[in-house]
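Undergrad: Let's see this in three dimensions:
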Amino acid sequence: MADNLFEQPDNATPLRPEEVQALRVPVVDRRQLNEIEAINVAEGRVWALRSRRDHLTDGYLTELHRRMFGAVWTWAGAYRTQEVNIGNTPPHEVPVQTRAALDDARYWAEHQTYDAHELAVRLHHRLVLIHPFVNGNGRCTRAMADVIVKCLKAKPLTWGSASLIDGGAARAAYIAALKQADDHDFEALIAFATS
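TA: Numbers count the residues shown, from 1 in each chain. Got it, this is the predicted structure:
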């Protein structure tokens with residue numbers, strides 16, 4: 001594997017060498033990894049949008065992650081056990097914090113605390129901050145948000161209508177909006193998700 005497999009777009013989780021060893025398929029560079037993951041992610045999204053399972057559970061979230069990344073990574077669908085550069089949740093708290101975030105989202109839905117878009121975006125942000133998995137958290141939790149919006153019969157989210165995998169203007173806007181949400185200002189992230 002080439003060294004550039006470890007290079008990440010700004011504000012992405014870097015892969016440790018032991019994590020790269022968990023690849024199920026041979027990969028030579030980041031571009032190839034992104035292409036292989038994109039195929040698996042698309043398959044996982046199809047499952048998610050067709051699934052009739054209760055989507056506000058940690059079992060659903062881990063199954064979604066496994067379906068989105070399981071053809072590529074052996075650790076897909078398993079909560080992380082190491083510290084990461086994104087989020088502030090220690091690994092031993094990931095399961096409890098994830099369950100709490102999903103329980104809160106269930107409460108928000110049952111009590112109509114937020115409209116569908118805001119609920120989905122707030123849960124997405126919270127899960128990204130918890131960072132439950134080694135990698136793929138943004139893609140997985142955006143898919144989760146898309147499922148929520150569909151279940152609540154709202155207009156689909158667009159997430160800026162651009163790829164957020166590679167660096168670029170859309171990713172920069174997305175990261176900036178996530179950082180504003182870290183300070184409890186969700187306006188930019190909701191606007192981005194619905195733009």
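
Undergrad: where do the helices sit along the protein?
TA: Remark: helices assigned in the chain by DSSP state H are 17-20, 30-50, 58-69, 94-110, 116-130, 137-151, 169-182, 187-194.

Undergrad: Tell me which of the ones you listed lies nearest to Gly77.
TA: Minimum separation from Gly77 across the helices of the chain (CB to CB) falls at helix 58-69, 2.8 Å. All C-beta spots, glycine's among them, are computed from the backbone N, C-alpha and C.

Undergrad: tell me what that closest one is packed against?
TA: Secondary-structure packing of helix 58-69 (3 or more CB pairs under 8 Å, 6 or more residues apart in numbering; DSSP states H and E): helix 30-50, helix 94-110, helix 137-151.

Undergrad: Give the buried residues for that helix.
TA: Neighbour counts using 16 or more other CB atoms under 10 Å place Asp58, Tyr60, Leu61, Thr62, Glu63, Leu64, His65, Arg66, Arg67, Met68, Phe69 of helix 58-69 among the buried residues.

Undergrad: and if you look at stretch 113-126?
TA: Going by neighbour count (16+ other CB under 10 Å), the buried part of stretch 113-126 is Tyr114, Ala116, His117, Glu118, Leu119, Ala120, Val121, Arg122, Leu123, His124, His125, Arg126.

Undergrad: Which of these sits closest to Tyr79?
TA: Arg126 (15.2 Å).

Undergrad: my guess is that closest one contacts Asp103, does it?
TA: No - judged on CB atoms under 8 Å, Arg126 makes no contact with Asp103 at a distance of 11.3 Å.

Undergrad: Point out where the chain drops to low pLDDT.
TA: Within the chain, the ranges that satisfy pLDDT under 70 run 1-13, 166.

Undergrad: rerun at 80
TA: Residue ranges of the chain with pLDDT under 80: 1-16, 19, 86-88, 162-167.
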